[in-house]
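Student: whatever this is, show me its structure:
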Amino acid sequence: MVAVIVILAFFYLGAMVRKNKIEIKYALPWGFMGCVILILDFFPGIIEEMAKISGVGVPINFIFFLGFCFLLALTFTLSVLVSDLSQKTKTLTQKIGILEEKLESKEKTEKHD
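Tutor: Below is the predicted model of the structure:
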């Protein structure tokens, strides 16, 4: 069941990329996570072994921990991107304001001449 859901999600993600609804650089982490989920679905012993090595008593708790780490990393990455876009928007707004001021002053000088 998990494999079917992940494969359907891959098709949906591919359709979103083709329709330019999501850029490939933002789709890649989701694709990577889907691959990890498929591997863990086909080989459940891996997660049990990883849980045992890390000292987690119940493998499902380790899965939740991995999901939390993935979402935390994704949130941090998106925060950095939003911050960058915010700075670029501020700079662009300032440049537009300067250009409008120059245009208005040029129009005023042309009217007086």
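Student: helix, strand or coil: sort out the residue nearest to residue 16 when sequence neighbours are not counted for me.
Tutor: The shortest distance from residue 16 to any non-neighbouring residue, by CB to CB, 6 or more residues apart in numbering, is to residue 22 (4.6 Å). No exception for glycine: its C-beta is placed from N, CA and C like everyone else's. Classification of residue 22 using DSSP: H, G, I helix; E, B strand; the rest coil returns coil.
Student: can you list phi and psi of residue 22 for me?
Tutor: The phi/psi pair for residue 22 (degrees, to the nearest 10) reads phi -140, psi 140.
Student: can you tell me how far it is from residue 15?
Tutor: Going from residue 22 to residue 15 by CB to CB, to the nearest Å gives 10 Å.
Student: those two: which is more packed in?
Tutor: Between residue 22 and residue 15, counted using other CB atoms under 10 Å, the more crowded position is residue 22 (14 against 11).
Student: pLDDT score for the more buried one?
Tutor: Residue 22 is assigned a predicted lDDT (pLDDT) of 91.
Student: how much space between it and residue 108?
Tutor: Residue 22 is 46 Å from residue 108, where distance means CB to CB.
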